[in-house]
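Chemist: Next input, structure requested:
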Amino acid sequence: MGVLNGKTAIITGGATGIGKAIAKRFLAEGAQVAICGRRSKVLAAAAAELGGEVYHASVDVTEPTQIGRFVSNVVDRFGGVDILVNNAGIMRFSPIHETTQDTWQSLLNTNLLGPWRMMQALLPVMASRGGGSIINISSIAGHKALPGAGGYCTSKAALTMMSQVAALEWADKQIRVNIIAPGLVEQTELADPIFGAEGVPAFYDKLRGLHPLGRSGVPDDVAATAVFLAGDESSWMTGAMVPLDGGRHLATNRPPV
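Modeler: This is a model prediction of the structure:
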């Protein structure tokens, strides 16, 4: 019997990278899983690969109506929701004085308000089940200043603080809210819009050595931690920010480019 047997999980950005790895581990641990993202074809391919009875739907986390419909459909299908993983996010780099208002709004709307919208929609659903676990995927950039990435750092720092406030406000409902703050995780698409597919390997090479354990992360590293935070073994844990970065939070951060 898996540690998530009988539980239902929603994972945003669940079709690729970290989200897909979490979905795979949750399924292996007995959970029922629903994934969402913006690209319907990529979602369908991921659901087919994951197998089981994975529910998938195209959802933009900046659109409250789409979120509400998705949550309602998941509840109708599975009877409720016990776990939420807010993984969907974007990364953009530029010096603060060159960051446009549109870029600021896009980063905050997706990385901060997207998780807030999902949490808001699922609060009554989880409360009706007697509790739940929310896992918000932040970043080392949310607690270590990264020159050239002020908008991204700000959005992730704000996500951590919002998560901790929610952890306090919802503790009486037995809804736990924890944060995973990864260092550089390879095998994702997060850096593609910045460097292009051809430039990402050089970016990885540049940052890999910043992690004291000598390697960057992979999606399975985050998935393993998510399983722990989703399950009953972490039942006395809320509002925690887990640095998952090969020790990089102990070292000085460096510019990405």
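
Chemist: CA atoms for contacts and neighbours, from now on please.
Modeler: Fine.

Chemist: same for the helix or strand hosting residue 41, what does it pack against?
Modeler: Using DSSP states H and E, the secondary-structure element containing residue 41 is helix 40-50. The elements that helix 40-50 packs onto, with contact taken as 3 or more Cα pairs under 8 Å, 6 or more residues apart in numbering; DSSP states H and E, are helix 17-28, strand 32-37, strand 55-58.

Chemist: Alpha carbons only: can I get the last one in CSV?
Modeler: What follows is the C-alpha trace of strand 55-58 in CSV, where atoms were taken according to Å, rounded to 0.1, in the frame of the first residue of the first chain:
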residue,chain,number,x,y,z
TYR,A,55,-7.4,13.3,-15.3
HIS,A,56,-6.1,16.2,-17.4
ALA,A,57,-7.4,19.5,-18.5
SER,A,58,-6.1,22.6,-20.2
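
Chemist: Tell me the helices and strands packed up against that strand.
Modeler: In this structure, strand 55-58 makes packing contacts with strand 32-37, helix 40-50, judged by 3+ Cα pairs under 8 Å, 6+ apart.

Chemist: Flag every buried residue along the helix or strand that it is followed by.
Modeler: Counting by DSSP H and E, the next helix or strand C-terminal to strand 55-58 is helix 64-78. Of the residues in helix 64-78, those buried by neighbour count under the rule 16 or more other Cα atoms under 10 Å are 64, 67-68, 70-74.

Chemist: same question, stretch 240-253
Modeler: Using 16+ other Cα under 10 Å as the test for burial, stretch 240-253 gives 240-246, 248-249, 253.

Chemist: any chance of the residues you listed in a markdown table, plus secondary structure and distance to residue 130?
Modeler: What follows is the buried residues of stretch 240-253, written out as a markdown table (DSSP: H, G, I helix; E, B strand; the rest coil; distance: Cα to Cα, whole Å):
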| residue | secondary structure | distance to residue 130 |
| --- | --- | --- |
| 240 | coil | 21 |
| 241 | strand | 23 |
| 242 | strand | 25 |
| 243 | strand | 28 |
| 244 | strand | 29 |
| 245 | coil | 33 |
| 246 | coil | 35 |
| 248 | helix | 37 |
| 249 | helix | 35 |
| 253 | coil | 41 |
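
Chemist: so for the helix or strand containing residue 228, what's the average pLDDT?
Modeler: In this structure, residue 228 sits in helix 219-230 according to DSSP H and E. For helix 219-230, mean pLDDT is 98.

Chemist: Which elements pack onto it?
Modeler: Secondary-structure packing of helix 219-230 (3+ Cα pairs under 8 Å, 6+ apart): helix 17-28, strand 132-137, strand 175-182.

Chemist: doesn't residue 18 make contact with residue 188?
Modeler: Yes: shown here, residue 188 and residue 18 form a contact pair, counting by Cα atoms under 8 Å, at 6.9 Å.

Chemist: When the two are compared, which one has more neighbours?
Modeler: For residue 188 against residue 18, the residue with the higher neighbour count under other Cα atoms under 10 Å is residue 18, and the figures read 26 against 15.

Chemist: What residues does the more buried one make contact with?
Modeler: When the contact criterion is Cα atoms under 8 Å, 6 or more residues apart in numbering, the partners of residue 18 are 87, 188, 218-220, 222-223.

Chemist: one more time with 7 Å
Modeler: The contact partners of residue 18, by Cα atoms under 7 Å, 6 or more residues apart in numbering, come to 188, 219, 222-223.

Chemist: Mean pLDDT added to the helices and strands packed on strand 55-58, as CSV?
Modeler: Shown next, in CSV, are these (pLDDT from 0 to 100):
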stretch, mean pLDDT
strand 32-37, 98
helix 40-50, 96
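
Chemist: Give me whichever of the ones you listed is most buried.
Modeler: The densest packing among these, expressed as mean neighbour count by mean count of other Cα atoms under 10 Å, is seen in strand 32-37 with a mean of 25.

Chemist: contacts for that one?
Modeler: Contacts with strand 32-37, where a contact means Cα under 7 Å, 6+ apart, come from 7-15, 23, 27, 43, 54-60.
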